[in-house]
Every structure is written in structure tokens, then in C-alpha cells.
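**Q** Quick check, what structure comes out for this input:
(chains A, B, C and D)
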Protein chains: 2
Amino acid sequence: MALGVDYAAQQCAVARTLEVVGGRWTMLIVRDCFFGVRRFSDLREHLGVSRAVLSERLAQLVDDGVLARVPSGGREAYDLTPKGLALWPVLVALLAWGDEHASPGGARRLFSHAACGTDLDRAGGCPACGLAPPPHDVVMRPGPGSTGPQGPGRVSAALQQPRRLLDPV
Amino acid sequence: MALGVDYAAQQCAVARTLEVVGGRWTMLIVRDCFFGVRRFSDLREHLGVSRAVLSERLAQLVDDGVLARVPSGGREAYDLTPKGLALWPVLVALLAWGDEHASPGGARRLFSHAACGTDLDRAGGCPACGLAPPPHDVVMRPGPGSTGPQGPGRVSAALQQPRRLLDPV
DNA sequence: CAGGTTCGGTCTGGTGACCGGACCGTTCGC
DNA sequence: GCGAACGGTCCGGTCACCAGACCGAACCTG
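**A** Take a look at the predicted model:
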């Protein structure tokens, strides 16, 4: 975000969390990382964010320990750290609310448990197994409210195919 | 937030949710509403936000159907609508992450199920009852990481007492 | 009923964040 | 060796946010 001032004085855990992931693009970057988008140019293409802002946000997320900058095939890539992976419940909650209250036409994407194929419930749990699968055991596919690829790019097209979360595009 | 442009083009439910509650102060306002803060001046005192911004955010939240502006005792008050109450899981997720990853010294606040007194787990569920109680059945109290009232005001002091959520201060 | 206070705002000028677009060093393919 | 792609940085304009001043309505006080 940042709230601009006195981080240390922020009592509430909500405020502290928003200090890290409350910025304008931050949560969308994290979302794309869960979707398997790892490279600077891919993030830029999919999000439509300016280079300068993306660069700054990524640096900040790495600094905060949410992402790790790793070389991959000669290029740089950004992977979620355990601290970043722990944001999965936040993403699930945001997703559920958006599907319920801001998505006329139905859910844009559906999620299911890779192990048993059951669709996840609103809390990210698997009704069949009785527990919430970690993101790498979750498969994403377009839902009834999907209107095709978000943009013309390679990344948007890839995310329209059923795919396992955290699997690099 | 807003993401500034083409709201309708936002495919992802996460982006749509952030359009509504991703703004700089929005989620903190919603949090305070869950805590029972209902009045303009109380929100201003507790959040330390400027009048202009608070006024604009509240109007936007009312417009989006998250809050309802209701007269109360001759003055105005803002209450969470069902759509706003549905943000409870988001708040719980943000809270849990902040406690886990951004709160040296332990949780600032603890939450328990009013009906049975059991502390809630990280997902907002009651381990004893096996379900997630709605916010008005949740009691909040200072946790081990609390360092006293956040500010000198009446509201901050009230929120240091054990109290049921949604109960007006 | 006059005067002051509280409440719930709006208005204004300054500052910092975000934007698109240009530029730049390194790496890759050929 | 050369051009293109990658992963940034730099720059000027715009926009959101900030503190502080101002303002009308309601309420209390004498």
C-alpha cells in the first residue's frame, strides 16, 4: 500500500497485512503468481501495468518475503515463497466474494481438487475430502461467466485452458 | 481502488472484488464497521483518515451496497449490509495472515465463539462446534501482542475491552 | 431566542503515487 | 557480429490522497 506512515504503530493485523499486499497491483500480481505467471514480461502483458510500477511492486514483494527472485532458463522469474503461498486463503476469500457479489453471469473461473476432481466450496475446501487442498493440488478452469481470454496475449490464452495452480505457464 | 480503468473488462473475480474494497482505506473502514464503529466522527478518530477521503470512501461503499447510511439518534450512521457482512471471510483471512507473518509478539486481537467461548481457528471456524460462526456471534478481545489502545480516543479505548462484533461502540 | 459546540461534510493547495512512453544494458538466437 | 527480446530505469503529466480551512444544520446552554 503503504498506508504511508507509522507502520510500526499499526496495531491491527489487518492493517499490517494491507501494508504488504494492499497496494494497487500487489494482490493481482500475487494472484497471477498462483496462476503460474512467473516472468516480468508475462506479468506485464497479463496485468497491463506499467514497467516502472511492476518493477517497484516486485522488488517490494521480494523485500517483504512474499516472492523470491530466481534465475530460470537464463531469465529472471518470481516464485511465491511459503509466506506468499500462505496468502492463498486471502485470495480464495476475495475470489468467493467477487463471484458472489460482483459477477453477473456466474463465476469467471472454477476450481477443483486435483486428487479427486471435486469442485471446491466457497472457503476453498474440498467437500469430498473434507479439507482445504494446498494450491498446487488445485486445478483451475473457465467458469460459466467466462467471456474468453482477457486479452490477445499468450498468457491470457494459456490461463483459459484447464491448468494446475503454480504450474509455470 | 479503483483500478482506474475498464471495470467491465475485468475478468477475474479477484480484480472485481478489489475494485470495491481494494482502495487504500476501504478494507480498514469495513474492519471498523465489524468492530462496531458506525459514526463518521468515530471512524475518523480511530482511522486517522482525512475527512474528505473518509467521506468519499463511505459514499462509494454505500454506492456499492457494502454499507447502508442510516439515521441513528438524530445523527448518521453506517451499517454493514448483507453484502458487506459477506466480507467477513476476507477480513478473517487478512487477519490470520497478519498474525502469522507480520506480527512479532503475537496476535493483536483474539476472537472466540460467543456461544461456547472457544477461540476461533485461523479460518474463522469454531473448533468445538465445527462451523464458522457469523460475526455477530464472535467476541473480540486484546491478544498477547497488544500494546494497549492504538490512540488516545474513546473509540480506541472501547475496542480494548472484550466485546461482541457488530455491537455499536 | 442568542451564542457556542458538535456533527457531517465540502473546498483548496500541496505532495506523492501511478501512468504511458522513451531510453538502456544484458542476453539470446541466428 | 547483429538484431531482437528481456528486464529494467528515467521522465513529464495526471490523479488520488493529505492536512487544514470553511460551512450549514442540529443541538445544547443560558
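**Q** spatially speaking, which residue is in the middle of chain A?
**A** A:Arg31 (1.2 Å; CA atoms, centre = their mean).
**Q** for it, helix, strand, or coil?
**A** helix (DSSP: H, G, I helix; E, B strand; the rest coil).
**Q** Excluding chain neighbours, what is closest to it?
**A** B:Val14 (5.1 Å; CB to CB, 6 or more residues apart in numbering or on different chains). Every C-beta, even on glycine, is put in place using the N, C-alpha and C of the backbone.
**Q** what about that neighbour, how many neighbours?
**A** 28 (other CB atoms under 10 Å in any protein chain shown).
**Q** now swap in the one 3 residues further on and tell me
**A** Look at B:Thr17: counted by other CB under 10 Å, it has 27 neighbours.
**Q** Please identify the helix or strand for it.
**A** With elements taken from DSSP states H and E, the one containing B:Thr17 is helix B:13-21.
**Q** what packs against that helix?
**A** On a contact count with 3 or more CB pairs under 8 Å, 6 or more residues apart in numbering or on different chains; DSSP states H and E, helix B:13-21 meets helix A:26-34, helix A:88-101, helix B:26-34.
**Q** Remind me which helix or strand A:Gln60 belongs to.
**A** Using DSSP H and E, A:Gln60 falls in helix A:51-63.
**Q** For my notes, confirm A:Val70 occurs in a helix.
**A** No. Using three-state DSSP, the assignment for A:Val70 is strand, not a helix.
**Q** That one bridge partners, please.
**A** For A:Val70, the beta-bridge partners are A:Ala77 (DSSP bridges).
**Q** contacting residues for it?
**A** Counting by CB atoms under 8 Å, 6 or more residues apart in numbering or on different chains, A:Val70 makes contact with A:Glu76, A:Ala77, A:Tyr78, A:Asp79.
**Q** Excluding chain neighbours, give the residue nearest to the third one in space.
**A** In space, A:Tyr78 comes closest to A:Leu67 once its chain neighbours are excluded; the distance is 4.6 Å by CB to CB, 6+ apart.
**Q** The first one too?
**A** Of all residues not flanking A:Glu76 in the chain, A:Arg69 sits nearest, at 6.0 Å (CB to CB, 6+ apart).
**Q** Count the neighbours of the one you found for me.
**A** Residue neighbour count, defined by other CB under 10 Å, stands at 14 for A:Arg69.
**Q** That one contacts A:Val62, correct?
**A** Yes. A:Arg69 lies in contact with A:Val62 (CB atoms under 8 Å); the separation is 5.2 Å.
**Q** And for the residue in chain A that DNA strand C sits nearest to, the neighbour number?
**A** In chain A, the residue that lies nearest DNA strand C is A:Gly74 (2.1 Å; CB to the nearest atom of the strand). Using other CB under 10 Å, the number of residues around A:Gly74 comes to 5.
**Q** The nearest residue to A:Pro133 once chain neighbours are set aside: what's it in contact with?
**A** In this structure, A:Pro133 finds its nearest non-sequential neighbour in A:His113, 5.0 Å apart by CB to CB, 6+ apart. Applying CB under 8 Å, 6+ apart, we find A:His113 in contact with A:Asp119, A:Leu120, A:Cys126, A:Ala128, A:Cys129, A:Pro133, A:Asp137, A:Val138, A:Val139.
**Q** Just these: which are in helices?
**A** Here DSSP state H is the test, and the contacts of A:His113 give no hits in helices at all.
**Q** Give me the buried subset of the residues you listed.
**A** Buried subset of these (neighbour count, 16 or more other CB atoms under 10 Å in any protein chain shown): A:Leu120, A:Cys126, A:Pro133, A:Asp137, A:Val138, A:Val139.
**Q** Redo those residues as TSV? Include pLDDT.
**A** Formatted as TSV, the buried ones among the contacts of A:His113 follow (pLDDT from 0 to 100):
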residue	pLDDT
A:Leu120	95
A:Cys126	95
A:Pro133	95
A:Asp137	96
A:Val138	97
A:Val139	97
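**Q** close to DNA strand D, is stretch A:19-38?
**A** No. Among the residues of stretch A:19-38, none lie within reach of DNA strand D under CB under 7 Å from any atom of the strand; the closest is 8.6 Å away.
**Q** mind saving the C-alpha coords of that stretch as PDB?
**A** Only the C-alpha atoms of stretch A:19-38 are listed here, as PDB (Å, rounded to 0.1, in the frame of the first residue of the first chain):
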ATOM      1  CA  GLU A  19       0.800  -2.700   4.300                       C
ATOM      2  CA  VAL A  20       2.300  -5.700   2.400                       C
ATOM      3  CA  VAL A  21      -0.400  -6.700  -0.100                       C
ATOM      4  CA  GLY A  22      -2.800  -3.700   0.000                       C
ATOM      5  CA  GLY A  23      -1.100  -1.800  -2.800                       C
ATOM      6  CA  ARG A  24      -2.900  -1.100  -6.000                       C
ATOM      7  CA  TRP A  25      -1.500  -4.000  -8.100                       C
ATOM      8  CA  THR A  26       0.000  -6.200  -5.400                       C
ATOM      9  CA  MET A  27      -2.800  -8.700  -4.900                       C
ATOM     10  CA  LEU A  28      -3.200  -9.100  -8.600                       C
ATOM     11  CA  ILE A  29       0.500  -9.900  -9.000                       C
ATOM     12  CA  VAL A  30       0.200 -12.500  -6.300                       C
ATOM     13  CA  ARG A  31      -2.900 -13.900  -8.000                       C
ATOM     14  CA  ASP A  32      -1.000 -14.200 -11.200                       C
ATOM     15  CA  CYS A  33       1.800 -16.000  -9.400                       C
ATOM     16  CA  PHE A  34      -0.600 -18.500  -8.100                       C
ATOM     17  CA  PHE A  35      -1.800 -18.900 -11.700                       C
ATOM     18  CA  GLY A  36       1.700 -19.800 -12.800                       C
ATOM     19  CA  VAL A  37       2.800 -16.500 -14.300                       C
ATOM     20  CA  ARG A  38       6.400 -16.100 -13.200                       C
END
